[in-house]
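Visitor: model this:
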Amino acid sequence: MQNKNKTVMKSMNILNLFRLHHKLTLNEIVQLSGIPKTSVHRMVGSLEDMGFITKDREGYYSLGLLLLEFGQLVAERLDLRKIALPIMESLRDNVDEAVNLIIKDNKEALYVEKLDTRHPVRLFTKVGRRSPLYAGACSRAILAFLPDEERDEYLNEIELKPYGQGTIIDKQKLKIILEQSRQNGYAISYSELENNTCSVAAPIFDFTGHVVGGLSVAGPDVRFNKERLPELIKKVKQATAEISKKLGWSG
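Guide: Numbering: from 1, shown residues only. Down below sits the predicted model:
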């Protein structure tokens, strides 16, 4: 911590509050951040001047459009997203289900691209959403293929919490399922992040053979019956193999 600028860190803590809250007053920011009001007032003023946050007539602060611009630049410059997008479009058109692209960001999974299905009943995930690595097929496809030491360290540190009625919260069971995913090359989840949903996912590898992301098709579980699963597994694995090949993977 001694090598980090404390003011910058506190400012980032304030910005992080808006990941969970659409709008906040100055007093709410003080209460949620635990930072003294004089410091919050100074940092919020600077963030507003730079365009990171904006203030409405009622005195509520929200994220500014500058962050949208930065987010768009990050998305445009993310090579994995560029390479995967046309393959995702083909997969979506082929199976007519939502397709998600996820990467590992520290100890979480981060949605970096999503294509919706044409079905009127769909899942409402969005780019920028985060989820734990242990919950959901796409997240778990990444976790399963991490280096053994990194995966074991994560499992030893993480506290498993339920998100949906199917979330795996038993570590021994999770380890068995992760090993099955490594052997089979894919993962399936039922109601792990949201109830009455299903997802089929497979990992994406770079030229070194390291897992760099996951790709999934997801939707209401009524459309993912046992007769259809083999087809979805096959197509998802074909899509991730194609993306991995474009990233230089030859496995």
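
Visitor: any idea how far the residue located most distally from the centre of the chain is from residue 44?
Guide: The outermost residue of the chain, judged against the average C-alpha position, is residue 38 (34.9 Å), by Cα atoms, centre = their mean. Per Cβ to Cβ, to the nearest Å, residue 38 is found 11 Å from residue 44. Yep, even glycine has a C-beta here, placed from its N, CA and C like the rest.

Visitor: ditto for residue 17
Guide: 11 Å.

Visitor: try residue 134
Guide: Separation of residue 134 from residue 44 (Cβ to Cβ): 35 Å.

Visitor: Repeat that for residue 242.
Guide: From residue 242 to residue 44 the distance is 46 Å (Cβ to Cβ).

Visitor: ok, these two, which is more surrounded?
Guide: A count of neighbours by other Cβ atoms under 10 Å puts residue 44 above the other of residue 242 and residue 44, at 21 against 18.

Visitor: any idea of the mean pLDDT in whatever helix or strand that one lives in?
Guide: Residue 44 belongs to helix 37-50 when elements are defined using DSSP states H and E. Helix 37-50 carries an average pLDDT of 93.

Visitor: counting contacts, what elements does that helix pack onto?
Guide: helix 6-17, helix 26-33, strand 53-55 (3 or more Cβ pairs under 8 Å, 6 or more residues apart in numbering; DSSP states H and E).

Visitor: Which of those sits closest to residue 209?
Guide: Ranking those by proximity to residue 209 (Cβ to Cβ) places helix 6-17 first, at 33.5 Å.

Visitor: Run the angle between the closest one and helix 26-33 for me.
Guide: 100 degrees (axes from the mean of the first three to the mean of the last three Cα atoms, to 10 degrees).

Visitor: so where do the strands sit in the protein?
Guide: Ranges of strands within the chain are 53-55, 61-63, 98-105, 108-115, 130-132, 187-190, 197-205, 211-220, based on DSSP state E.

Visitor: ok, residue 112 - how many residues close by?
Guide: 20.

Visitor: ok, now which ones touch the closest residue to residue 105 other than its chain neighbours?
Guide: Nearest non-adjacent residue to residue 105, counting by Cβ to Cβ, 6 or more residues apart in numbering: residue 130, 7.4 Å away. Contact analysis of residue 130 by Cβ atoms under 8 Å, 6 or more residues apart in numbering lists 105, 108, 109, 110, 111.

Visitor: Please consider this matter closed, and thank you.
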